[in-house]
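J.: predicted model, plus sequence, below.
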Amino acid sequence: MKKIGKIQPVQESVKKFDAKAFKKAVKRLNLAKTTYSQREKIYRKHLMEKYGKDLS
C-alpha cells in the first residue's frame, strides 16, 4: 500500500482581542443603552425560552 498524503487538522492561530476595534464596532452598531435591570430582564426571558420554568 502506498501513502499518498497525511490528514491532520488545520491549526488556527489564536486571535487576540482588540479592545479599540471592539469599541469602534460597538459604536458603529449604535446599540440602545440598557440599564442593569433591563439586561437582567432580557437575560431571564432568554433563559426561560431556552430552558423552561424549572430553572431557578
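T.: Noted; the coordinates are in hand.
J.: any idea which element Lys3 lies in?
T.: Assessed by DSSP states H and E, Lys3 sits outside every helix and strand.
J.: same check on Val14?
T.: Counting by DSSP H and E, Val14 is found in no helix or strand.
J.: from Gln8, how far out is it?
T.: With distances defined as CB to CB, to the nearest Å, the gap from Val14 to Gln8 amounts to 18 Å. Quick note: C-beta positions are derived from backbone N, CA and C, even for glycine.
J.: do Lys20 as well
T.: For Lys20 relative to Gln8 (CB to CB), the value is 35 Å.
J.: neighbours of Phe22, how many?
T.: Other residues within reach of Phe22, judged by other CB atoms under 10 Å, total 10.
J.: how about Lys2, phi and psi?
T.: Dihedral angles phi and psi of Lys2 (degrees, to the nearest 10) take the values phi -100, psi 130.
J.: what's the neighbour count on it?
T.: The criterion is other CB under 10 Å. On that basis, Lys2 has 3 neighbouring residues.
J.: contact partners for it?
T.: Lys2 makes contact with no residue, according to CB atoms under 8 Å, 6 or more residues apart in numbering.
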